[in-house]
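# sharing a model that was predicted from the sequence below.
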Amino acid sequence: MKTAIRIGENRMKKIVSMLLSVVRPSEYSSLRKSGAGRAFLAILAMTIVFGTVAYAGFAVQIGIGTVKLKEQYETKVPYFRYSAENGVEVDSTMPLIFRENDWIFIVDCSDPTDGILAEKYAPMLKEYRKGAVIGNRTVINKKNLMNTETYDLNQLNSFAPFDKGSVAKLFSYWWVIALACFPFYLLWFYAAKLLSALLLSLIALVINASGKYRLNYAEMLNACVYALTLPVIIDIVLGFTDVKIPFFFLSYHVLASVFIAIGLKRTSEAGQA
């Protein structure tokens, strides 16, 4: 228990130190005697705290988007039912055709055998880059100009019967998918920040040489992790808004590079003191 508490305290100290480094460059001086292991642990702490906050914002956006999608589904999609005996049945005049830019979506369940479905709508699909046709027992999916696939809806028989209402209930379980994806997001977050730190360390090598700071690679790598703090925070804040910054990826790393230059200088000064 004491060991776990100590580990938790150390992680919190790393987070606090990283946050303070944004406004107090003197925090970089603590990196002078740190090994490369601290950098990996610092990224882990950043992942646990900042990654969780970022994913919370992402999950909120998914929830809002799901609510809007459900409203569209309930108002624009006609009543339908699927059964093993009759396939897809839609309470509307066939065919239903939806077009948007280079995409087309067609529903035609008038032929119980779908015998002429592909032939009937092949000319129409050719006019669009992407599209799909849903028949009574067949789905034709044009993924791109070179790839069109056909699926047999009989594969859904194990889930039959279901209708528009039962499918609508699935929207309520969006949080299950969000929760299941959370560990994978944290893994991606850690890998992405580690890669950024390694790429920035190349810039740190140049700054270290030009400034004649004589720092070792471990000290520079730690400084790179600290330098990522503000860009990561800005990225997370933007995730909660609809603000889009052109070339943000470039700005992200330019800002980190500025902090690296400041951090390496402070780290070097601490070693000379």
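Great, that's in hand. Residues are numbered from 1 along each chain as shown.

# can you pull out the strands in the stretch 1-150 of the chain?
Ranges of strands in the stretch 1-150 of the chain, per DSSP state E, counting those that start in this stretch, are 80-83, 87-90, 96-100, 103-107, 130-134, 138-144, 147-152.

# for the residue lying closest to C109 once chain neighbours are set aside, grab the count of nearby residues.
Among residues not flanking C109 along the chain, N136 sits closest, at 4.5 Å (C-beta to C-beta, 6 or more residues apart in numbering). Backbone N, C-alpha and C define where each C-beta goes, glycine included. N136: 20 surrounding residues under other C-beta atoms under 10 Å.

# wait, N136 sits on V90?
No: between N136 and V90 there is no contact under C-beta atoms under 8 Å: 9.4 Å.

# overlap in contacts of these two?
C109 (C-beta atoms under 8 Å, 6 or more residues apart in numbering).

# ok, now how distant is N222 from G263?
Counting by C-beta to C-beta, to the nearest Å, the gap from N222 to G263 is 9 Å.

# so where do the helices sit in this protein?
With DSSP state H, the ranges of helices along the chain come out as 2-21, 36-46, 52-76, 117-126, 164-168, 174-211, 217-227, 229-239, 248-272.

# pick the most deeply packed of those helices.
Using mean count of other C-beta atoms under 10 Å, the stretch among the helices of the chain with the largest mean neighbour count is helix 217-227, at a mean of 26.

# that one packs against which elements?
Packing partners of helix 217-227 (3 or more C-beta pairs under 8 Å, 6 or more residues apart in numbering; DSSP states H and E): helix 2-21, helix 36-46, helix 174-211, helix 248-272.

# which among these is found nearest to R129?
Closest to R129 of the helices and strands packed on helix 217-227 is helix 248-272 (C-beta to C-beta; 27.3 Å).

# any chance of the helices and strands packed on helix 217-227 in CSV with mean pLDDT and distance to Y79 as columns?
Output for the helices and strands packed on helix 217-227, formatted as CSV (pLDDT from 0 to 100; distance: least, C-beta to C-beta, whole Å):
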stretch, mean pLDDT, distance to Y79
helix 2-21, 66, 52
helix 36-46, 87, 49
helix 174-211, 92, 22
helix 248-272, 85, 44
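
# for P112, which of those is the nearest?
Closest to P112 of these is helix 174-211 (C-beta to C-beta; 34.2 Å).

# quick one: that closest one to chain centroid distance?
Offset of helix 174-211 from its chain centre (C-alpha atoms, centre = their mean, to the nearest Å): 13 Å.

# got the angle between it and helix 217-227?
Interaxial angle of helix 174-211 relative to helix 217-227 (axes from the mean of the first three to the mean of the last three C-alpha atoms, to 10 degrees): 130 degrees.

# report the inter-axis angle for helix 174-211 versus helix 36-46.
Counting by the same axes, to 10 degrees, helix 174-211 lies at 150 degrees to helix 36-46.

# for helix 174-211, packing partners?
helix 36-46, helix 52-76, helix 217-227, helix 248-272.
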